[in-house]
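Peer 1: Sequence and predicted structure below; questions after.
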Amino acid sequence: MPIVTKFSDLDLTKQYTYADYLLWQFSERVELIRGFIKKMSPAPSRFHQTVAQNLSGIFYTKFRNQQCKVYFAPFDVRLPIPSKNKEITIVQPDLCVVCDESKLDDSGCNGAPELVIEILSPNNSKHDLDTKFKLYEEAGVLEYWLVEPVEKMLLVYTLINGNYIGLPPQTEGQNIQSRLFPLMEIAVTDVFENV
Amino acid sequence: MSIVTKFSDLDLTKQYTYADYLLWQFSERVELIRGFIKKMSPAPSKTHQVISRKLTRYIDRYFEHKPCGFFVAPFDVRLKSNNNHQIITVVQPDLCIICDLDKLDERGCLGAPDLVIEILSPGNSKNEMGEKFRLYEENQVKEYWLVEPFEKTIFIYSLQNDKFIGLKPCIEGEQIASPLFPELNFEIEKIFES
């Protein structure tokens, strides 16, 4: 297989694998969803950026010197979605926490992170609210957080018997409730600081 | 108790009851949340209005020949509180469905509706997602929809074992999927068309 240097040389109707993905050397950021290419938005909004920064700061402090490791986009996560070709789903979550070190390698994470956080942006929310929601559920990501900067709400979905169950929406003035990290004290207000 | 004609005559730090509420004759729209006054936004945005009308159209069609009441704000819903036989909570949900017709009287609804729908709008959402969410759960509203105009998404919370459980968000390209009214059908994107 040859190296691909132009995004336009790819066939968006075709299914690719992680082996192909490793040979792509163009500047566009893409994800591979069940083999199909999904181009990511060129640059997320300012609110997206602000929330990402806030979360980075908070998570960096909380998980410093902990067994669980925190990674921020761009960071490749190969999700264990069953298929004939082994690795055909590679996503770049805004933030993820990986507690099982054996999943980590030089290229990123090979397996489901324990926690994934996606920050919604108005034109791209379908991808996070639907496509990735189903993927993370199927891959066994234990908790999925959706951060909504306009209403300043945080939605936490916990995996129970293979299905995501949503906790009550969390808003400013309370601490984030997570079943996965019940002792982690994060104020919702801090997530939306300067938004 | 006397009639109150000016909103500014009320004490926002005090707890009131439904009996007080009935004597308020000012133009401001308020809700009473566990006795405390919560002023509503003066007039909801255009988007809010459009979504409310579209939801009304589809829901009305479904309930036309069903033995349930369907009401659109302003419509008073009086909720009971634990350890208090006086009514100290009166809310005005954007839309609600009540299938126990005994709960209905000329003043509105006394008791929990089966389905409550609130349309989020910035500045007002915290109440819908926080205090009202807990109130509806506590009063055993069977299903609660939060309609989010920016993400064009409907978040459905379904009461299971006395707690609201969040389902997979309903997004554009999908049909509404209500566990309570599984035959209620409309396309999500139709609701958000301007």
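Peer 2: Thanks, I have the structure now.
Peer 1: Run the contact check for the lowest-mean-pLDDT helix or strand in chain A versus chain B.
Peer 2: The weakest-scoring helix or strand in chain A, judged by mean pLDDT, DSSP states H and E, is helix A:125-126 (a mean of 87). Yes - against chain B, helix A:125-126 shows contacts by CB under 8 Å from any CB of the partner chain at A:125-126. Every C-beta, even on glycine, is put in place using the N, C-alpha and C of the backbone.
Peer 1: which is the next helix or strand following that helix?
Peer 2: Using DSSP states H and E, the helix or strand that follows helix A:125-126 in sequence is helix A:132-139.
Peer 1: That next one packs against which elements?
Peer 2: strand A:115-119, strand A:143-148, strand A:153-160, strand A:163-166 (3 or more CB pairs under 8 Å, 6 or more residues apart in numbering or on different chains; DSSP states H and E).
Peer 1: What ranges does the chain have for its strands?
Peer 2: As the question left the chain open, I've gone with chain A. A:30-33, A:36-39, A:69-72, A:77-78, A:90-91, A:95-98, A:104-105, A:108-110, A:115-119, A:143-148, A:153-160, A:163-166 (DSSP state E).
Peer 1: Chain B is the one I meant
Peer 2: Under DSSP E, chain B gives strands at B:30-33, B:36-39, B:69-72, B:77-81, B:84-91, B:95-98, B:104-105, B:108-110, B:115-119, B:143-148, B:153-160, B:163-166, B:170-171.
Peer 1: if we can go back for a sec, and of the strands of chain A, who's closest to B:H85?
Peer 2: Nearest of those to B:H85, taken as CB to CB: strand A:163-166 at 33.6 Å.
Peer 1: For chain A, which residue gets nearest to chain B?
Peer 2: Nearest residue of chain A to chain B, counting by CB to the nearest CB: A:G166, 1.7 Å away.
Peer 1: Isn't that residue up against B:S158?
Peer 2: No - judged on CB atoms under 8 Å, A:G166 makes no contact with B:S158 at a distance of 9.6 Å.
Peer 1: So these two - more neighbours on which side?
Peer 2: A:G166 (21 against 18; other CB atoms under 10 Å in any protein chain shown).
Peer 1: for the longest helix that chain A contains, packing partners?
Peer 2: Ranked by number of residues, the top helix in chain A under DSSP state H is helix A:46-63. Judged by 3+ CB pairs under 8 Å, 6+ apart, helix A:46-63 is in contact with strand A:69-72, strand A:95-98, strand A:115-119, helix A:188-191.
Peer 1: What are the buried residues along that helix?
Peer 2: Residues of helix A:46-63 classed as buried: A:47-48, A:50-52, A:54-55, A:58-59, A:63 (neighbour count, 16 or more other CB atoms under 10 Å in any protein chain shown).
Peer 1: Closest one of those residues to B:P42?
Peer 2: Top of the list for closeness to B:P42, among those and by CB to CB, is A:F47 at 26.1 Å.
Peer 1: What about the closest residue to that closest one other than its chain neighbours, how many residues nearby?
Peer 2: Distances taken as CB to CB, 6 or more residues apart in numbering or on different chains place A:P149 nearest to A:F47, at 4.1 Å, with adjacent residues excluded. Residues near A:P149, counting by other CB under 10 Å, number 21.
Peer 1: JSON lines please, covering the buried residues of helix A:46-63 and showing pLDDT.
Peer 2: Shown next, in JSON lines, are these (pLDDT from 0 to 100):
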{"residue": "A:F47", "pLDDT": "90"}
{"residue": "A:H48", "pLDDT": "92"}
{"residue": "A:T50", "pLDDT": "95"}
{"residue": "A:V51", "pLDDT": "96"}
{"residue": "A:A52", "pLDDT": "96"}
{"residue": "A:N54", "pLDDT": "97"}
{"residue": "A:L55", "pLDDT": "97"}
{"residue": "A:I58", "pLDDT": "96"}
{"residue": "A:F59", "pLDDT": "96"}
{"residue": "A:F63", "pLDDT": "93"}
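Peer 1: A:L159 bridge partners, please.
Peer 2: Using DSSP bridges, the bridge partners assigned to A:L159 are A:Y164.
Peer 1: Quick one: residues contacting it.
Peer 2: By CB atoms under 8 Å, 6 or more residues apart in numbering or on different chains, A:L159 lies in contact with A:137, A:140-144, A:165.
Peer 1: With A:V141 as the reference, measure out to it.
Peer 2: 7 Å (CB to CB, to the nearest Å).
Peer 1: likewise B:S45?
Peer 2: As for B:S45, its distance to A:V141 is 35 Å (criterion: CB to CB).
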